[in-house]
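Enquirer: how would this look folded up:
(chains A and B)
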Amino acid sequence: MDIVNEILNKDEQSRKEASQSILVTKLIEPEVYPRDLLVIDTNELNVPELRGPNKEELLKSNTRDCIQILLNTLADYPKETKDGKVFIKVAGAAYNLPREKPAPVPKPLTKWERFAKEKGIQKKKKPRTTWDDTLQKWVPTYGYRKVQAEKQKDWLLEVPQNLDPNTDMFAEKVKTKKENVAKNEYQRLRNIAAARKIKVPQVGLPPMEANLHVPQLQIAADVARVSTASLGKFQPKLPEDKNTKPIKNVGNKKKRRLMNSNEEKEMNLNIAEKVLKKKPKLDLSKGVNKQIHEEQTQRSIDRAEKRKGKKKNFGDSDKPKKSKSQFKRPKAQKGQRVGKKSGGGRKRR
Amino acid sequence: MGVIQRVVKPTTHRTKRILKNKQPKIIENTKKTIFLRGWKTHETVSNFCTDICNLKKPHSISLSKKHEILPFEDLGPIEKLCNKYDVSMFVFSSHNKKRPDNLVIGRLFDHHVLDAFEFGVESFKSMLEFKSWTPSVGIKPALVFMGEDFDTVHSLNRMKSLFIDLFHQNETELVHLNNVEYVVTFAVVENKVLIRTYRIVMKNVGEKSPRVELESIGPCADLTIRRQILASDDLFKKACSKPKIKGKKIKNVRRDAFGSKLGRVHMTPQDVNKLQTRKMKGLKKPKKDAKKKKNPE
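Expert: Below you'll find the model as predicted:
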């Protein structure tokens, strides 16, 4: 019996040792994230020990304890066999890390989609091919062989009565097609700009950062003048502002009251009468100025001719000298210099 | 009001796929890390970088060219490079008199630097010095953080998150004990972060879990903390927010380890009586029509 007891005791002891070997006690229990295989041990480290020679040992033993805790927690989870291997099925939250990019937002609706939604217009699927009666065959709605079929079908085009009989309707067709494509592209870009919240400069208004030219500045000034609550009605004139054109299409259009046909006819006749009665205005000062200008130019031409006769003795006076006013300004994107052409050779400094 | 950005349409299917992959997703890819060199680097830092790069394979890109970048003066070029390669983490190494063996680790959110930390690398030991064993490629390390400062000090808390991010891979629900191969330890002591790497050796003792022993492997280093860029709390919170996962569950389709798509197809039960077996003359059914035609004769 003693032998049996001894063996039993030994067995128990070894079991105890084994359980001791995987047992770890810590003052504060470390946080374990089994999904990330992560252990966060918030116990205070022994700093003076870490400065000494036992630094590596201490780090190692601490890490060992943490990993043991991780494995002990992993053992609590259920097991699953997959492809002949035993896996541990881990649950629980993962450590919250920042994302790489913000979460995707649903694509904002395009202008048409918004309209269709408002009106309740459903999207209809167009058939891939449709039967063409004139060609007697199936014609694709788009893509391969569509253009070919169109060419076959429209080998002859009628010129409408309101147009010049010599207009090339084929060229016209190409033009309208191109315009359509351009319009679609413009709308696509506008939708993208709206989706990305990019400000697009309005048509007719100059960009606000660039160095503006005089006409652009004039437009800006005109717009600014009428951009008040009363549409610029009470805006005082600037001292040197000569060109104060009213801006078109500002504010709401006046609503006309409904008229009966007689009234309308009368109104139209009145307008016609006014137009027919119109006589050219006589501006005296303008006329006088014009006359003076003409006389002056005539005189200067005469004088020039006289000088020409005198100077003939001095060498090459056949060519008229270029005056400053005759010098043309070079224009951009014409591909040629208009001004003084530089000869070849070395650049002299 | 700036210049309107050009809207580029992809012309080929390949670019379309690439651009689509760059778009933000609800469930994101594993973060990739780019390894950059400064104008001058020292052996110590560059070796440290190569070691981490090797551990992080295949989620790392190493650029061997020198870059004249100072991340703490201008973040622009780094952001540009990261966006070019579509990565969201960077490790930048440089060396100069003022900051010898300099290492900058940072990450991006929404194409801009979220946070970055600068370290000085000291007492470095490479993976090659131990040579005994190297972990298999693409394996996820266990991570251990030690020291209460990681929890209490704000900047160190962020640093912890950065280090987790550096070694993080997409979480899986299934863990195999053989895949817990090595552990990277971070301990914070007096303005220093001690990084150690150990191999995990498991010993079966007849209990529910095996007993763990550790063996030192590289890389090991002491990092002194230098400068840092921290994201504001708002931004960090925004970056950490999790979107709700919606959408239909894809049924009956899965991918195996080699990436090939496997589908389960459900069929209507087969009628065994109508099954065509081997044809023989004797088993042939007599034609009804033929009989009818023959009978009137």
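
Enquirer: when you work out contacts or count neighbours from here on, use the C-alpha atoms and nothing else.
Expert: OK.

Enquirer: which residue ranges form the strands in chain A?
Expert: A:31-33, A:38-41, A:79-82, A:85-89, A:129-132, A:137-140 (DSSP state E).

Enquirer: and those strands, which is most packed in?
Expert: strand A:38-41 (a mean of 23; mean count of other C-alpha atoms under 10 Å in any protein chain shown).

Enquirer: wait, which of the strands of chain A is closest to B:K40?
Expert: strand A:38-41 (35.1 Å; C-alpha to C-alpha).

Enquirer: hmm, who's touching that closest one?
Expert: A:28-33, A:66-67, A:70, B:142-148 (C-alpha atoms under 8 Å, 6 or more residues apart in numbering or on different chains).

Enquirer: now the nearest residue to B:F117 once chain neighbours are set aside: which helix or strand?
Expert: Distances taken as C-alpha to C-alpha, 6 or more residues apart in numbering or on different chains put B:Q228 closest to B:F117, at 4.4 Å, once the chain neighbours are dropped. Using DSSP states H and E, B:Q228 maps to strand B:211-229.

Enquirer: beyond that strand, next helix or strand please.
Expert: Using DSSP H and E, the next helix or strand after strand B:211-229 towards the C-terminus is helix B:233-240.

Enquirer: so that following helix, near chain A or not?
Expert: Yes - interface with chain A: helix B:233-240 contributes B:236, B:239-240 (C-alpha under 8 Å from any C-alpha of the partner chain).

Enquirer: mean confidence score for stretch A:9-22?
Expert: What stretch A:9-22 shows for mean pLDDT is 73.

Enquirer: circling back: got the residues of helix B:233-240 next to chain A as JSON lines, with distance to A:K123 columns?
Expert: Output for the residues of helix B:233-240 next to chain A, formatted as JSON lines (distance: C-alpha to C-alpha, whole Å):
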{"residue": "B:F236", "distance to A:K123": "42"}
{"residue": "B:A239", "distance to A:K123": "37"}
{"residue": "B:C240", "distance to A:K123": "38"}
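
Enquirer: make a markdown table out of those residues and add neighbour count and pLDDT.
Expert: Shown next, in a markdown table, are those (neighbours: other C-alpha atoms under 10 Å in any protein chain shown; pLDDT from 0 to 100):
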| residue | neighbour count | pLDDT |
| --- | --- | --- |
| B:F236 | 18 | 93 |
| B:A239 | 21 | 92 |
| B:C240 | 16 | 91 |
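
Enquirer: with these in mind, which one is nearest to B:H111?
Expert: Nearest member of these to B:H111, counting by C-alpha to C-alpha, is B:A239, at 11.8 Å.

Enquirer: for the record, mean pLDDT for stretch B:268-275?
Expert: Rounded to a whole number, the mean pLDDT of stretch B:268-275 is 86.

Enquirer: end to end, how far does it reach?
Expert: 14 Å (C-alpha to C-alpha, to the nearest Å).

Enquirer: can you pull the contacts of the most centrally placed residue in chain A?
Expert: Residue closest to the average C-alpha location in chain A (C-alpha atoms, centre = their mean): A:A193, at 4.0 Å. By C-alpha under 8 Å, 6+ apart, the residues touching A:A193 are A:199-200.

Enquirer: and the gap between it and A:N46?
Expert: 59 Å.

Enquirer: swap in A:T141?
Expert: A:T141 is 79 Å from A:N46, by C-alpha to C-alpha.

Enquirer: just the CA trace of stretch B:130-142, in CSV.
Expert: Only the C-alpha atoms of stretch B:130-142 are listed here, as CSV (Å, rounded to 0.1, in the frame of the first residue of the first chain):
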residue,chain,number,x,y,z
PHE,B,130,21.0,35.9,-33.1
LYS,B,131,20.7,33.9,-36.3
SER,B,132,19.1,31.0,-34.5
TRP,B,133,15.6,31.3,-35.8
THR,B,134,13.5,33.7,-37.9
PRO,B,135,9.7,33.9,-37.9
SER,B,136,7.8,32.8,-41.0
VAL,B,137,6.8,35.5,-43.4
GLY,B,138,3.5,37.3,-42.8
ILE,B,139,2.9,36.0,-39.4
LYS,B,140,1.2,38.1,-36.8
PRO,B,141,3.3,38.8,-33.7
ALA,B,142,1.9,38.8,-30.2
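
Enquirer: that one and chain A in contact?
Expert: Yes - using C-alpha under 8 Å from any C-alpha, stretch B:130-142 reaches chain A at B:141-142.

Enquirer: list the buried ones in that stretch?
Expert: B:135, B:139-142 (16 or more other C-alpha atoms under 10 Å in any protein chain shown).

Enquirer: so B:K160 sits against B:D149, correct?
Expert: No - using C-alpha atoms under 8 Å, B:K160 is not in contact with B:D149; the gap is 10.1 Å.

Enquirer: helix or strand: which one has B:G106?
Expert: Per DSSP H and E: strand B:102-109 holds B:G106.

Enquirer: the following helix or strand past that strand packs against which elements?
Expert: Next along the chain after strand B:102-109, taking DSSP H and E as the criterion, comes strand B:112-125. Secondary-structure packing of strand B:112-125 (3 or more C-alpha pairs under 8 Å, 6 or more residues apart in numbering or on different chains; DSSP states H and E): helix B:43-56, strand B:102-109, strand B:211-229.
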